[in-house]
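1. Below: sequence and its predicted model.
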Amino acid sequence: MTGEDKKTLERMINGELKWEELKPIISDRKDPSRFEKILDILHEKTSWNEKILIPLHEHLYVVVKDGERIVKCDCGHEFGDYRKNWKLKCRVRVRDTFETLEELYPKYMSSHPDWMELREFFCPGCFTLLDTESVPPGYHVVFNFLPDIDAFYEKWLGRKAPDK
């Protein structure tokens, strides 16, 4: 359980650890209180009061608000019920032409727009890029992850998930 202090975990979350510092954290036994420490660190980075149940992405969390579990961004924007695809409430940029794809890829290095489109999902509150998808044109919006929060808390943490 080396390097499990809050300051080191914060540096880990921020991507500031050297490999020599990170390797023991990855390979050694985990501190049983690590999850709570990480939630504290993540909550300190936000300006809102709702309890974080679980992080979804770098800037997204499932939180408890008024007894409901919702997806919330760092900036405070709320996407609604965590069981629904939060991407459907994002601002979306679709790159589906050679011109828009060549803004990212060198000429002749991107897929053909008839075969692939690149979708970028932005938070409507802060315009942070939250996710991207590379899919065939017309393909449905991908629902990345639906966590079983209750099972996670009960099986991994040995307690009931907070509801308030």
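-> Received, thanks.

2. for D150, what are its contacts?
-> If you count contacts by Cβ atoms under 8 Å, 6 or more residues apart in numbering, D150 has them with 160-161. (C-beta placed from N, C-alpha, C; glycine too.)

3. now it, what's its secondary structure?
-> helix (DSSP: H, G, I helix; E, B strand; the rest coil).

4. domains of this protein?
-> What the record gives for the chain is the domain set 1-45, 88-135, from automatic domain parsing.

5. which stretch among those comes nearest G76?
-> Across the domains of the chain, G76 has its closest neighbour in domain 88-135 (6.4 Å, Cβ to Cβ).

6. What lies in contact with the helix of greatest length in the chain?
-> Ranked by residue count under DSSP state H, the longest helix found in the chain is helix 34-44. When contacts are defined by Cβ under 8 Å, 6+ apart, helix 34-44 is touched by residues 4, 6, 9-10, 13, 31, 51-52, 55, 61, 156-157.

7. Please repeat the previous calculation with a cut-off of 6 Å.
-> Here helix 34-44 makes contact (Cβ atoms under 6 Å, 6 or more residues apart in numbering) with 4, 6, 9-10, 13, 52.

8. Now list the buried members of these.
-> 4, 9-10, 52 (16 or more other Cβ atoms under 10 Å).

9. Spatially, what comes nearest to the most centrally placed residue in the chain if we skip its sequence neighbours?
-> Centroid-nearest residue in the chain: H57, 0.4 Å away (criterion: Cα atoms, centre = their mean). Nearest non-adjacent residue to H57, counting by Cβ to Cβ, 6 or more residues apart in numbering: L130, 6.1 Å away.

10. Distance-wise, check H140 relative to N85.
-> Between H140 and N85 the distance is 9 Å, computed by Cβ to Cβ, to the nearest Å.

11. Pick out whichever of those two has more residues nearby.
-> Neighbours were counted for H140 and for N85 using other Cβ atoms under 10 Å; N85 has more, 17 against 8.

12. what does the helix-or-strand element of the chain with minimal mean pLDDT contact?
-> None of the helices or strands of the chain scores lower by mean pLDDT, DSSP states H and E than helix 98-101, at a mean of 80. Helix 98-101 is contacted from outside by 95, 110, using Cβ under 6 Å, 6+ apart.

13. Output the very next helix or strand once past that helix as CSV, nothing but the C-alphas.
-> The helix or strand immediately downstream of helix 98-101 is strand 117-122, counting by DSSP states H and E. Below are the C-alpha coordinates for strand 117-122, written out as CSV (Å, rounded to 0.1, in the frame of the first residue of the first chain):
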residue,chain,number,x,y,z
GLU,A,117,-17.7,9.9,-39.4
LEU,A,118,-16.1,11.3,-36.3
ARG,A,119,-18.5,12.6,-33.6
GLU,A,120,-17.3,14.9,-30.9
PHE,A,121,-19.5,15.3,-27.8
PHE,A,122,-19.2,18.6,-25.9
